[in-house]
Every structure is written in structure tokens, then in C-alpha cells.
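Engineer: Please work out how this folds:
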Amino acid sequence: MKKKMITVFLALVAMGCTVSYAGTRIPEAPMAVVKSGSVFKVIYKSHTVSTVKVSIYDQDGNVVFREDVASEDGFIKPYNLSQMPKGDYTITVADKAYVFSESISTNPPENPLVAQVIKLDQRGEKYLIAVPNQGDAQIDIFIYDDINRLLYNETAPANSDFAKIFDLKGVESGSTVHVVNETSGEARVTEIR
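Structural biologist: Have a look, this model is predicted:
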């Protein structure tokens, strides 16, 4: 499970999040936030043992939550914002050198991510991936094998309905398909059987 989360983390890092240090933007951050309903999983990867400060700010810049997290080589930690007022928030992770931040929203998405992965044949070789219109967002599709190696990825505009048939002949049971809305951060993961 930890390997899958780290793989998802690396995929999300590729999509980017904001990092600032002395006014300089760093293109790749070792932090990602994955939304599942009102729960936001903070994924942080570090190469050193340290304690980092996790803070959550409301849209007015007020601290609504803060804690220190011991990090051996990173962590994955959920934060449940279901009891907080709907709105925009910022989650930051501060280590000894940098402050990494990502904007999140507890507002319901205008177009919630509904991704379908449908097996089209008995042998389990052909799959349809279908995503209805997501507004101005783009979607990312990642297909991983049963040992979490990336087999395929694609970014597609989702301003109209998206559907594509994938030939997954030879892909082992236990492989996964990840569909991610780049704007909302919502993700749907389907295991291939």
C-alpha cells in the first residue's frame, strides 16, 4: 500500500504544486495533496530525518490547524476538514529549508469527477475509460502494473466527454488505473482484475 501511495505521490508531483523559498519558485515539490470527500491526504517525501510543521490556513490567512510531524523519509497523513466551514484553504508543509504549499477547497466541485473503467471482453484485455465533461479541467490517466511500475500516462482536455478504449493485453491482475482531475485534485483508482 505504501508503494502505491508513493507512486501516486510521484504522479501528483509531476502535475505540480506551489513551492516558495525566498521568493523563488521551485518547479518540483516533494508534497502533494489528494482529496477524497472532506479528507485531504498530505503526502510528503523527504530524504532526511526531520520534524516538519504542517499548517492549514483559511482563506483569510488565519491558522486553523498546526502540528509538528516527525518524518523519517516522508509521511502520508489524512486531515479531515468535514467540520470546517466550506471554503478555500491552504495546506503548508515547512521543513528546515523550504515551505511547500497547496491550495485546497472544501466546496463541492462544479463537475465532480465520475470516471468509469469498464471491462469490454471476457479475457480482460480491452477496457473503456470514460469521463464526462469536467469543465475547463484536464484529466490525467495513469496505468500501473501489479508492482506499481508506470505503464502508460496521458493528459487529456476534459471540456467535453472523454472516452477511450485501452488494450491491456498482458497486464496482470492487480494493476490499477488512476484518473485524476488536475484542477480539483480528485482521483479515482480502479483495480484491474
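Engineer: Not counting sequence-adjacent ones, nearest residue to Tyr152?
Structural biologist: Distance criterion Cβ to Cβ, 6 or more residues apart in numbering; nearest residue to Tyr152, sequence neighbours excluded, is Ile143 at 4.3 Å. Backbone N, C-alpha and C define where each C-beta goes, glycine included.
Engineer: any idea which element the most centrally placed residue in the chain lies in?
Structural biologist: Among the residues of the chain, the one closest to the centroid is Val34, at 3.9 Å (Cα atoms, centre = their mean). Assigned by DSSP states H and E, Val34 belongs to strand 31-36.
Engineer: CA-only coordinates of that strand in CSV, if you can.
Structural biologist: C-alpha atoms of strand 31-36 as CSV (Å, rounded to 0.1, in the frame of the first residue of the first chain):
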residue,chain,number,x,y,z
MET,A,31,4.5,17.4,-1.4
ALA,A,32,1.1,16.5,-2.9
VAL,A,33,-2.5,16.7,-1.5
VAL,A,34,-5.1,14.1,-2.6
LYS,A,35,-8.7,14.9,-1.9
SER,A,36,-11.3,12.3,-1.0
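Engineer: Can you list the buried residues in that strand?
Structural biologist: Met31, Ala32, Val33, Val34, Lys35 (16 or more other Cβ atoms under 10 Å).
Engineer: which residue sits closest to the fourth one in space, ignoring its chain neighbours?
Structural biologist: Take Val34 and drop its neighbours on the chain: the residue closest to it by Cβ to Cβ, 6+ apart is Lys41, 4.6 Å away.
Engineer: Give the bridge partners for that neighbour, please.
Structural biologist: Beta-bridge partners for Lys41, by DSSP bridges, are Val34, Pro78.
Engineer: and it, how many neighbours does it have?
Structural biologist: Lys41 has 17 neighbours, counted by other Cβ atoms under 10 Å.
Engineer: Low-confidence ranges, this structure, go.
Structural biologist: Residues of the chain meeting the criterion pLDDT under 70: 1-29, 109-111.
Engineer: the helices in it, which residues?
Structural biologist: Using DSSP state H, the helices assigned to the chain run over residues 2-15.
Engineer: For the residue of it most remote from its centre, give its distance to Phe75.
Structural biologist: Largest separation from the mean C-alpha position in the chain: Gln122, at 31.3 Å (Cα atoms, centre = their mean). Going from Gln122 to Phe75 by Cβ to Cβ, to the nearest Å gives 42 Å.
Engineer: what does Gly170 give?
Structural biologist: In terms of Cβ to Cβ, Gly170 sits 35 Å off from Phe75.
Engineer: of these two, who's got more company?
Structural biologist: Neighbours were counted for Gly170 and for Phe75 using other Cβ under 10 Å; Phe75 has more, 16 against 8.
Engineer: Just list the residues touching that one, thanks.
Structural biologist: For Phe75, the contacting residues are Val42, Ile43, Tyr44, Val69, by Cβ atoms under 8 Å, 6 or more residues apart in numbering.
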